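Novice: this one's sequence-less:
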């Protein structure tokens, strides 16, 4: 069955299992599935629930208030990867699959899962939404609209680029370094004020003299906006940069960014790539990945699932 789910939906299910495991639950219930849709922080379900005014922290508080604490088990700690599902979750997943088959949907997204949660009127997830005073009619309308709008992308039901797939803290830099380099001389030659510069004696861990021009001032998640800013400088200062390179200084074009998703996508335009050979520059990607467990961290509580 799970081959029929989008990566976004599968991620939400994994997050729901982690939510259940942290609470020492014996099964992953529908309340955990709702929290998984919120913890994933992308996909149609997250966007719709956020628009309805429900956050992950609020969702956790409401779900916890619906949980019976009487029969919790501290000894039962299965691996979250093999965490069993409650009857209500199995029913939600199965109905989502059946609906997809009837509607000839190739992959089941988070939107379809949320719609089935709304239809499961006695589940913990539905009761949590009810307690959050969600307007079900508006929520269903929003989810349905988003699914219909994105259906043109075929199997990418949750969107080609989920919210947290986009790179964060993105910037591009032209860096110049050498064992012997005068940063002020580079600035004067290029007639450009550096974003950062120092000599190796001025910083404890610095092993080379350093000059850098970066794109911190550009507020855009698009790598091309940052690289275009730098490559425009490279074209404009081509002769000066050639002189700098002839002196034996090392030039690097670097684009760095953070990601909390393993499937972050970057597309660099041919316009920008065509400039690099003439400038004799490679493009380095400096990627920082974080599986942001702080976002899904829980205080361990002796709780038992509602359903």
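Specialist: Now that the structure is in, tell me what you want to look at. Quick caveat: nothing in here was measured; it's all calculated off a predicted structure.
Novice: and residue 132, what does it touch?
Specialist: The neighbours of residue 132, taking CB atoms under 8 Å, 6 or more residues apart in numbering as the test, are 52, 53, 54, 58, 59, 62. All C-beta spots, glycine's among them, are computed from the backbone N, C-alpha and C.
Novice: Strands - which of those land there?
Specialist: Among the contacts of residue 132, no member falls in strands (DSSP state E).
Novice: Spatially, which two of those residues are the most separated?
Specialist: The largest separation in the contacts of residue 132, counting by CB to CB, is between 52 and 62 at 12.8 Å.
Novice: since we're on the nearest residue to residue 178 once chain neighbours are set aside, how many residues are nearby?
Specialist: In space, and not counting its chain neighbours, residue 178 is closest to residue 249: 4.5 Å by CB to CB, 6 or more residues apart in numbering. Using other CB atoms under 10 Å, residue 249 has 19 other residues around it.
Novice: quick one, phi psi at residue 237?
Specialist: Phi and psi for residue 237, reported as degrees, to the nearest 10, are phi -110, psi 30.
Novice: again, but for the one 3 residues further on
Specialist: With angles defined as degrees, to the nearest 10, residue 240 shows backbone torsions of phi -60, psi -40.
Novice: how near is it to residue 196?
Specialist: Residue 240 sits 19 Å away from residue 196, taking CB to CB, to the nearest Å as the criterion.
Novice: again with residue 277
Specialist: 27 Å.
Novice: Check residue 111 too.
Specialist: For residue 111, the distance to residue 196 equals 44 Å [CB to CB].
Novice: one step back: could you check which of residue 277 and residue 196 is surrounded by more residues?
Specialist: Taking other CB under 10 Å, residue 277 and residue 196 do not tie; residue 196 has more neighbours (13 against 9).
Novice: can you pull up the bridge partners for the residue nearest to the more buried one when sequence neighbours are not counted?
Specialist: In space, and not counting its chain neighbours, residue 196 is closest to residue 212: 4.6 Å by CB to CB, 6+ apart. As for beta bridges, residue 212 partners with residue 175, residue 196 under DSSP bridges.
Novice: Does residue 212 touch residue 190 like I think?
Specialist: No: with contacts counted by CB atoms under 8 Å, residue 212 stays clear of residue 190, the gap being 11.7 Å.
Novice: Which element, helix or strand, includes residue 272?
Specialist: Counting by DSSP states H and E, the element that carries residue 272 is helix 270-273.
Novice: counting contacts, what elements does that helix pack onto?
Specialist: Here helix 270-273 touches helix 223-236, going by 3 or more CB pairs under 8 Å, 6 or more residues apart in numbering; DSSP states H and E.
Novice: which of the residues in the helix it packs on are buried?
Specialist: Of all the residues in helix 223-236, those buried under the rule 16 or more other CB atoms under 10 Å are 223, 224, 226, 227, 228, 229, 230, 231, 234.
Novice: go on, stretch 188-198?
Specialist: For stretch 188-198, a neighbour-count test (16+ other CB under 10 Å) marks 190, 192, 194, 195, 197 as buried.
Novice: Dump these into a markdown table; add pLDDT and distance to residue 258 as well.
Specialist: Shown next, in a markdown table, are these (pLDDT from 0 to 100; distance: CB to CB, whole Å):
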| residue | pLDDT | distance to residue 258 |
| --- | --- | --- |
| 190 | 93 | 29 |
| 192 | 92 | 26 |
| 194 | 93 | 23 |
| 195 | 92 | 18 |
| 197 | 92 | 24 |
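Novice: of all these, which comes closest to residue 34?
Specialist: residue 195 (44.0 Å).
Novice: returning to that earlier point: for the residue nearest to residue 196, give me the pLDDT.
Specialist: Looking at residue 212, its pLDDT stands at 93.
Novice: Can you report how many residues neighbour it?
Specialist: Counted by other CB under 10 Å, the residues lying close to residue 212 total 18.
Novice: What residues does it make contact with?
Specialist: Applying CB under 8 Å, 6+ apart, the residues contacting residue 212 are 173, 174, 175, 176, 194, 195, 196, 197.
Novice: Among those, which one lies nearest to residue 98?
Specialist: residue 173 (51.7 Å).
Novice: Point me to the helix or strand that includes that closest one.
Specialist: Under the criterion of DSSP H and E, residue 173 resides in strand 168-178.
Novice: same thing with residue 286?
Specialist: Secondary structure from DSSP H and E places residue 286 in strand 283-289.
Novice: for that strand, packing partners?
Specialist: Using 3+ CB pairs under 8 Å, 6+ apart, the elements in contact with strand 283-289 are strand 250-259.
Novice: Name the residues of the strand it packs on that come out as buried.
Specialist: Buried residues in strand 250-259, counting neighbours by 16+ other CB under 10 Å, are found at 251, 253, 254, 255, 256, 257, 259.
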